[in-house]
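Visitor: next input, structure requested:
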Amino acid sequence: MKHGTKLAVRSRRALGAATAAALVGASLTVVLAQPALADSVTANQAWRIVQQYQGTWTSPPSVLTNGETVDAPLMGNGDIGVAVGGTISNQTMYIGKNDFFSSTSHAVKPLGRIVVNASGLTGSSYNVVQDIAHAEVRGTYSLNGQTLSTTSWVDANWGLFVTEFTLTAGAAQSIGITLQNGSGGTPTTSTTGNDLDADVVADTGTGSDPHARIAARTIGQTQSISGNKITLTMQPNTTSTLVAGIYSSIDTSSWQSSADSLVGSMAQTDVDNHNASHRSWWQSYWSQSYIEIPDKSIEKSWYGSLYLLGSVSRAGKYAPGLWGNWITGNMNWNGDYHTNYNYETPFYSALSTNHITQLGSYDQPVLQWQSAGQALASQNGYTGVFYPVGISPNGTSADMSLHNQKSDAANLASDMVMRFEYTGDTSYANTVYPWLKQVGLFWQNYLSWNGSTYDILNDAPHEDQAYPQTNSGMSLGLVHLLLQGLIDMSTALNQDSGTRATWQNIETHLSPLSTMSLNGQTILRETQVGSDFVNDGNDIDAQPIYPGSLIGLDSGSTLISEGQNTIGALTNGWHGGNAPTTFYPAAARVGYNPSTILSNLDNEATAQSYNNMAIHHNGGGIENINVTTSGLDEMLLQSFQNDIKVFADWPANTNAKFGDLLAYGDFLISSSRAGNAVQYLRVVSQKGGDFTFTNPWSGSVEVYRNGTDTGTVSGSKITIATSANDTLDLAPAGTALSTIQNELTQPLASGTGSSSFSSGFESTDPPLTWTDTVDTTGGGSSNVTGICCGLTGPELGIRTAETEHTGSSALMYSGSAQGGSTDYAYLKFYDLSGSPLAIGNAKTLSYWIYPQSNATSTWVPAGSNNSTCVAIDMIFTDGSTLRDSGATDQNGNRIHPASQCGHLTLDTWNHVTVNLATNNANKQINRILVGYDHPNSTGGYRGYIDDLTIS
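Guide: Have a look, this model is predicted:
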C-alpha cells in the first residue's frame, strides 16, 4: 500500500523495490468441505493436470527480506507459512504465521527461522522443486558423488513443519539445525525430553504481543543439543526427519506444551501418517474444480495461484495480510489488511474456482472492527460504519488514514455479497447481514439526492484527491453491489422489508456512470466532477465493471462499447502495479478481445511471475492471486447477471475445458469447447432453483436430468427449474448421454489453433502405434539386448497396476547394455505422421519419468544409474531429431538421453519439461520415441513414463 504520497494513486503499493489424539484441540480446526460433484470426473481431471506443474530453482532465491513478495519456494497451511532461502550449507526456513501481529504497532511480525547448515556440502549443486500438487518442497544437493536430498512440508492439518533428510553415498555428514527468532537472533531456548524449544515473541513481547514456541527434534540417526542448535549426525545411505511443532499464544493458552506434545514422542510412522493426511487434504482441495487450456503458462499460473490461496487462508485462523504468511522480516505497509482493494481481492479467487472454504478467514477482522467503525463514523458526522485504509486484527489499526475515500467499507462488503450471490447460503448471510446493514446505513445517509439521482459527493477514487470528486464510478459500482446484496439477503432471510424498499429505491436511482471522449471514443470517466481519466497502472476506471458489476454482456450495447473502450484506453492496466488483479476480469466481462487478454495473461504468468508462481507487481502481494484465476474464469464462465454464459469471451479456433467452476445461484458448471463448438454443459444444482443460461448452440438442447432424458428445450436464453442436487447434462438435440459422459472424461482436444497431444497411457488415451519396436530410421539400436527372461531386445509398452504417476497404467521401458563404445536403443511408440503436430513458437513437452534402481528392479545392477539415461525423443518431418537439436529441460540439461544420465532421481517420479520452440520452432512432429543412450555401460535399465503432454 502506498502511503505518504500525494500522487493520484489509490491506496495501493506503487513503490518499486502418536500424539494426534492428545492434541485434537490444538490442531487446525478445519475440515475441507467437499463440493457436491456429480461424479469423480472433475477430481480426476484436476489431479491429472495439477501434477504437471511445479516451480524449479537451480540457484538459491535472491528476493527474501525486502518486505514484499519473496521469490523463494513456498509452503503453507493457511496459518503457518515457510519460505526457503539459501544453499544447503546455510539454508534458512523463514517461518511466518497469520496471527503474529504486534499489539503495539499492529504490524505483522516474522515468527522465527530454522537454519540448516550442512557445511560438508559447501559448494554443492542446487536443485529445488516446489511440488504444488502435494504441497511439498524437495531439494537435491550433490557434491563429489554424494547427495543430500530433502523433502519439506507444512502439515495441512496441524501446526507442524517437517523436513526429511536422505544422505546417499560418501562419508558421514554433520548437519546443524539452528532455531532463531524472526529477525535471525537467538531466542530463549530450553529442552523438553529430546526437543529443543525456542520461545519467540512478536515485536517486544510485552502487553498482548503474541508468543510462540518452536519445538524441534530429529527422528532417526543421532542428534545432540547445545544452546539453540541441534547437531544431527547422518551416516551415508540413511534418512532422518526434522519435526517442528509451532503454536502461538493465539492458538491456545497452552502454546508451549502443545508444541512439545505434538513432536515429543513422534515416531517416523507418525510422520508418515501426518504426511498421508496432509496429501489427502491437498488432493481434496484440487478436486474442487479444474481448467485446461492450450496456453500451459496461463494454465500453470491458474493452478499456482490456487496453491498460494490454499497456503495462506484457512477458516478458524487469522486472515492473511498483504504478503500472506510468508513473513521474512518487517513487512512493507505493516503487512496489514488494506481495505481499498488489497485485502479483498485475493479472496475473490475463491469464488468462481469453487474454493469457498478458503474465504473462511475473511470476515473476522472486518466484523471485529464494527464498533471502531461506528465510532469513526460518528466522529466524522456520519452514521453506520466508516473504515480507514489499514485495519488489523481484533479491532485495531496500523493506519487510520482516510485519504478522502468513503468506499473502504463498501469495498470490504464486496466479498461477502459475492459469496452470498454465488452460494445463496442463508446461514452465512445471517452472520454478515447485520454488519452489511451498517454499511448500508452509512450510504443511506451519505448519498445526496439531487431531485432525480442519488449522488456520491467528495469521495476520492485515488488517495488524497481533494474536493469535489463527485460520483466516483468505482464507488458507484461498489454501492450498487452492496445494495443488491442487501436486497437479496433480506429477501432470502425474510427480514427488513421496509428497509429493503429503501435500498431498492436508492439502487434504482443511483447516479449513472459518467463518460468522456478520448481519442474519438467514449470511455468511462472516473468521476462526474473531479478526476477524469488516469492511465497510471491503476484500473479505477474499470472497477465499475469488476467488482462493481455495473456492466456485463447482458447490458446495453452502448454500455458494453464504453466498457470495451475503457479497457482499451487503460494501456498501463495490463501489467500496472495496482491494476491486474481486477483489470483482467473486467476486460472479460465486457467482451474485450479475448486473444489480447490471453496474450497479456501469458505475460503475467511468465514475465511477471516468480518460480514459486507468485505474480508480483511493484510491491503487489497476495492480491495477485486473483489475476489469472478470475481473469481466466470470467473468460470461460460468466454468471453475475443471473445468466450463465459458457466461453463468454473466448477466442475462435481455441479449444478449452473446465469442470465445476461455480456460478451465481450455487450451480457447478462444466463444459468443453472443441473445433469452435461447445460439446456439452454439465450443471450440478447444489441448492435448487431456476437455472438460466444463454444457449451455446443454435438449435434445440437435449436435457438429461439425473441421467434421464427429459426431451429438448429451445430458445436463445433458456430457464430450467431444478431441485437441490439435480444434475443436468445438456448438449445439442439428439446427443446421447454416453457421448456427453465420454467427452467429460477426455483431456483437452487438439484442434486448429490449439494443436496438442497428451497421453496418460490409460485405456481412454490414444493407443500405442508400436510396442517394443526399435526405430531403425530414427536412431536404431546398438549393443542393447533384453533385460532378462529370454527377451531378445529392449522393451517399450504399457503396463497396468505396476508403477503409475496417475491413473492405473504407465509406459514401461527396459533393456540391457552390453558394454560397447556405443550403447543405445531408440524405440518408437506414437505415429503422428498422418497429422504432424506443429510446434509453432509456443509448444512445451512435459512428461513424468520413474527410473528404477536395484532397490525396485533386481535386473538393474546395484549402484547403477543406467535407468536415468532415458528421455522422450522426437523425429520431425524434416528428419531432424529432438535429441540432437540442443534443446534442454527445465534445469538446463540437454534432453539427449545421454545428457539425462545422473540428472534424474532413481525410484521416484521426476517431472521433465522442454520448451520445444526454443530450438525447434515451426517444425512438425512426425513420431515420438523413447531413447536410451549410455556409452560404455553394462547391465540392465528399467523404468516408467507417464502423463506425456505436448501443448
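Visitor: from I928, how far off is G688?
Guide: 48 Å (CB to CB, to the nearest Å). Every C-beta, even on glycine, is put in place using the N, C-alpha and C of the backbone.
Visitor: between those two, which has more neighbouring residues?
Guide: I928 (25 against 15; other CB atoms under 10 Å).
Visitor: which secondary structure element contains that one?
Guide: In this assignment (DSSP states H and E), I928 forms part of strand 924-933.
Visitor: what comes up buried for that strand?
Guide: Q924, I925, N926, R927, I928, L929, V930, G931, Y932, D933 (16 or more other CB atoms under 10 Å).
Visitor: helix/strand/coil for G902?
Guide: coil (DSSP: H, G, I helix; E, B strand; the rest coil).
Visitor: then D197?
Guide: Assignment for D197 (three-state DSSP): strand.
Visitor: isn't it up against S257?
Guide: No: between D197 and S257 there is no contact, the gap being 10.2 Å when judged by CB atoms under 8 Å.
Visitor: what about the two, which has more around it?
Guide: More crowded of D197 and S257, by other CB under 10 Å: D197, with 23 against 17.
Visitor: can you give me phi and psi for A267?
Guide: Dihedral pair for A267: phi -110, psi 170, per degrees, to the nearest 10.
Visitor: neighbours around it, how many?
Guide: 13.
Visitor: poorly predicted segments of the protein, please.
Guide: 1-39, 750-755 (pLDDT under 70).
Visitor: on that earlier part again, what two of the buried residues of strand 924-933 are the furthest from one another?
Guide: Q924 and Y932 (25.0 Å; CB to CB).
Visitor: can you classify L436 as helix, strand or coil?
Guide: Criterion first, three-state DSSP; result for L436: helix.
Visitor: ok, it - how many residues close by?
Guide: 24.
Visitor: hmm, D488 and it touching each other?
Guide: No: at 10.8 Å, L436 does not count as touching D488 under the criterion of CB under 8 Å.
Visitor: the helix or strand just after the strand holding I928: how far from the chain's middle?
Guide: Next along the chain after strand 924-933, taking DSSP H and E as the criterion, comes strand 938-950. The chain centre lies 29 Å from the centre of strand 938-950; the measure is CA atoms, centre = their mean, to the nearest Å.
Visitor: picking up where we left off before, which of the buried residues of strand 924-933 lies closest to N854?
Guide: Closest to N854, out of all of the buried residues of strand 924-933 and judged by CB to CB, is Y932, at 17.3 Å.
Visitor: distance check, that closest one against N891.
Guide: 20 Å.
Visitor: please apply the same query to Y592.
Guide: Taken as CB to CB, the span from Y592 to N891 is 38 Å.
Visitor: any idea how far T571 is from S89?
Guide: From T571 to S89 the distance is 47 Å (CB to CB).
Visitor: more neighbours, these two?
Guide: S89 (18 against 11).
Visitor: please name the nearest non-neighbouring residue to the more buried one.
Guide: T122 (4.2 Å; CB to CB, 6 or more residues apart in numbering).
Visitor: which ones are touching that neighbour?
Guide: Shown in contact with T122 (CB atoms under 8 Å, 6 or more residues apart in numbering): T87, S89, L143.
Visitor: ok, the residues you listed vs D831, which is closest?
Guide: L143 (43.9 Å).
Visitor: give me the neighbour count for that closest one.
Guide: 17.
Visitor: mind listing the residues bridging to it?
Guide: Beta-bridge partners of L143, counted by DSSP bridges, are Q146.
Visitor: so it touches S124, yeah?
Guide: Yes: using CB under 8 Å, L143 is in contact with S124, at 3.9 Å.
Visitor: measure how buried M331 is and give me the count.
Guide: Neighbour tally, M331, other CB under 10 Å: 23.
Visitor: beta partners of R673?
Guide: With DSSP bridges as the rule, R673 is bridged to A656, V678.
Visitor: need the contact list for it.
Guide: So R673 contacts V646, F647, W650, T654, N655, A656, K657, Q679 (CB under 8 Å, 6+ apart).
Visitor: next one: the third one from W697, what distance?
Guide: Counting by CB to CB, the separation of W650 from W697 is 15 Å.
Visitor: between these two, who's got more neighbours?
Guide: Higher neighbour count among W650 and W697: W650, with 21 against 16, using other CB under 10 Å.
Visitor: residue ranges of the helices in the stretch 651-800 of the chain, please?
Guide: 737-745 (DSSP state H, counting those that start in this stretch).
Visitor: can you verify Q564 is assigned to a helix?
Guide: Yes: the assignment for Q564 is a helix, going by three-state DSSP.
Visitor: contacts only, for it.
Guide: V590, G591, Y592.
Visitor: so what's the first one up against?
Guide: Going by CB under 8 Å, 6+ apart, V590 touches I545, I551, G552, L553, I560, G563, Q564, I567.
Visitor: please name the nearest non-neighbouring residue to the first one.
Guide: For I545, the nearest residue in space outside its immediate sequence neighbours is A586; the separation is 4.1 Å by CB to CB, 6+ apart.
Visitor: farthest residue from the center of this protein?
Guide: G790 (49.3 Å; CA atoms, centre = their mean).
Visitor: quick check, T357 in a helix?
Guide: Yes: applying three-state DSSP, one finds T357 inside a helix.
Visitor: so it touches A315, yeah?
Guide: Yes: counting by CB under 8 Å, A315 is a contact partner of T357 at 5.9 Å.
Visitor: related to what we said a few turns ago, against Y141, how distant is the residue nearest to S89?
Guide: 10 Å.
Visitor: any common contacting residues for these two?
Guide: T87.
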